[in-house]
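In: Here is my input; please provide its structure:
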Amino acid sequence: MADDLRALEDWAGALLNQLQPKERRQVTQTIARELRRRQQQRIGAQRNPDGTPYAPRKPRQQLRAKAGRIKQRKMFAKLRTARYLRLQSDASSIAIGFAGRLSRIARVHQYGLCDKPGRNSPDIQYQRRELLGFSDDDLEMIRDQLLQHLVR
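Out: Here you go, the predicted structure:
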């Protein structure tokens, strides 16, 4: 994957250097928006960049019997919103990442680190759930967007 990304960077860099800064900024903004949209959809589908499903949550321990059923929602519902999944693009770069205090939660899940879920709770080893990453389809989309802009 890293070799594919490096090859794409070399190929795209040569093409982008031929464009004016205004055109480069337009291209990078459209690519950044599309990448963010794809990342949001993938997080909503609970999939890693390679297509495997996220590791399931650990079952919660019932401390006391509760009336009714507790509905478990999808993980990372807030993280995938545009408010937290921010993008920055200029004529030479694209950056997509998480903003604010939730970036720590995203980092813990991205790399499968240890963290305390509550103030007085013990450390817990979280499963690795890759929130951000490139799939093969994303790399193809970047190539297609560049070629489509150059053809115009």
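In: use CA for all of it now, contacts and neighbours both
Out: OK.
In: Look up how far Gly13 lies from the residue nearest to the spatial centre of the chain.
Out: The centroid of the chain falls nearest to Leu132 when counting by CA atoms, centre = their mean (2.7 Å). According to CA to CA, to the nearest Å, Leu132 and Gly13 sit 22 Å apart.
In: Check Thr52 too.
Out: The value you get for Thr52 to Gly13, if CA to CA is used, is 31 Å.
In: ok, now which ones touch the nearest residue to the residue nearest to the centre of the chain once chain neighbours are set aside?
Out: Of all residues not flanking Leu132 in the chain, Gln39 sits nearest, at 6.6 Å (CA to CA, 6 or more residues apart in numbering). Neighbouring residues of Gln39 by CA atoms under 8 Å, 6 or more residues apart in numbering: 80, 131-133.
In: A ChimeraX selection for these, restricted to the buried ones, would help me check which they are.
Out: Buried residues among the contacts of Gln39 (16 or more other CA atoms under 10 Å), as a ChimeraX selection:
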select :80,131,132
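In: Determine which two of the contacts of Gln39 are furthest apart.
Out: By the measure CA to CA, Arg80 and Gly133 form the most distant pair in the contacts of Gln39, at 13.5 Å.
In: Low-confidence regions, the chain specifically.
Out: 1-2, 60-71 (pLDDT under 70).
In: Where do the helices of it begin and end?
Out: 2-16, 21-44, 102-111, 136-151 (DSSP state H).
In: Figure out which of the ones you listed is closest to Gln125.
Out: Closest among the helices of the chain, using CA to CA: helix 102-111, at 9.1 Å.
In: Run the chain-centre distance for stretch 76-90.
Out: 8 Å (CA atoms, centre = their mean, to the nearest Å).
In: which residues touch that stretch?
Out: Here stretch 76-90 makes contact (CA under 8 Å, 6+ apart) with 24-25, 28-29, 32-33, 36, 39-40, 43-44, 94-100, 102, 106.
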